[in-house]
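Asks: build me a model from this:
(2 chains)
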Amino acid sequence: MPKVQIQSTDIEYAESDVITFDEGLVGLPHLRRLVIVSQPEIHPFLWLASVEEPETAFLVLEPRIQFSDYAPSVPPQVRARLGMGEREEPLLLAIARITSDWQCSSLNLRAPLVIAPSVMHGTQVVLTESAYRLEEPLAVLAAAA
Amino acid sequence: MLVLKRQVGEKLVIGNEITIEVLAVGGDGVRLGIVAPRETSVHRFEIFAEIQAANCAASHTAAATSHAALASLAARLRTPEEAEEATAAAVRQSSST
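Replies: Next up, the predicted model:
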C-alpha cells in the first residue's frame, strides 16, 4: 500500500481515499491530491496529508465536533464544481492551527474544506458573507480526561 | 505589470474565458463585474492572502508540534466515552505491533 510521511512516520493509505482538489488549497495550488489518515491517539483530529509532498499535512477536525451548530451554506456553484449529487451532504473539515500554548489553538471556520464523498473531490470555500472566524478558539478542556 | 485604460461599461478578457467589466467608478472605488468558469475561484486579494497565510501557518505548526503534544491536546477535546474508546484502540494497536 502507498504511504504518506507525517511527523517522520510512514502511514499507509488506500488510493481510493485520495481526495482531489482541482485548484489546490487557497494560496497553495500545488496541493491537489490529499488523503485523510487517522491515528487513534490524535482522535478526534485527522491528518489531511499531501500524497505528493512528504511531511506536508494539515490537522483537521470535523467542525461540528466542537461547534455543533456550524452550518455554512455551500454555494450552488461549489456543489456543481465538485460534481455533488442534488441531495448529497458534503463532508466538512476545518483546518486546525496548533499553537505551543494549547489554549490558543484554533479552527479555521471561515475557509472550510468541502468534500463530496461520492466523487472524492474537494475544495476550500471562503465564506465571505458569514460571521465564521478564521481563528475560532478550540474549546479545550482544562484537564485531560 | 500590464496597465490598461478602460471606460465604464468596457471589458477586459483574460485567457479565453474570464471577462471583467468596469461597472461603475466613483470616489476611490471601482465596481467590477467578473464572469469566470465555475471551476475558477474569484477572491478579493486581501482575503485570499489571509487564508493563504492561515493555511501555511497551519501546515507548519502541525509539522512542528510533537506527536505527544498533539495526542495530549486531542485527549482534551474528547468526551469521556471517546477517551475510553481511544485508550482501548491504542492498547489494541500496541498489542498488534
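Asks: how about residue 70: what's its closest non-neighbour residue?
Replies: I'll assume chain A. A:Pro63 (4.5 Å; C-beta to C-beta, 6 or more residues apart in numbering or on different chains). The C-beta positions use only the backbone N, C-alpha and C, and glycine is treated the same way.
Asks: try chain B instead
Replies: For B:Leu70, the closest residue by C-beta to C-beta, 6+ apart turns out to be A:Ile42, at 5.2 Å.
Asks: burial measure for the one you found, as a count.
Replies: Look at A:Ile42: counted by other C-beta atoms under 10 Å in any protein chain shown, it has 20 neighbours.
Asks: next one: A:Ser8
Replies: Counted with other C-beta under 10 Å, residues neighbouring A:Ser8 total 9.
Asks: what's the residue nearest to A:Tyr70 in contact with, if anything?
Replies: A:Tyr70, A:Leu92, A:Leu93, A:Ala94, A:Leu107, A:Leu109, A:Pro112 (C-beta atoms under 8 Å, 6 or more residues apart in numbering or on different chains).
Asks: what's the answer for B:Gly33, then?
Replies: B:Ile20, B:Glu21, B:Leu23.
Asks: check which residues of stretch A:33-44 are buried.
Replies: Residues A:Leu34, A:Val35, A:Ile36, A:Val37, A:Gln39, A:Pro40, A:Glu41, A:Ile42, A:His43, A:Pro44 are the ones in stretch A:33-44 that count as buried (16 or more other C-beta atoms under 10 Å in any protein chain shown).
Asks: for the longest strand seen in chain A, which strands pair with it and how are they oriented?
Replies: Counting residues, the longest strand found in chain A (DSSP state E) is strand A:106-116. Strand pairing for strand A:106-116, determined by DSSP bridges: strand A:91-97 (antiparallel), strand A:121-124 (antiparallel), strand A:136-137 (antiparallel).
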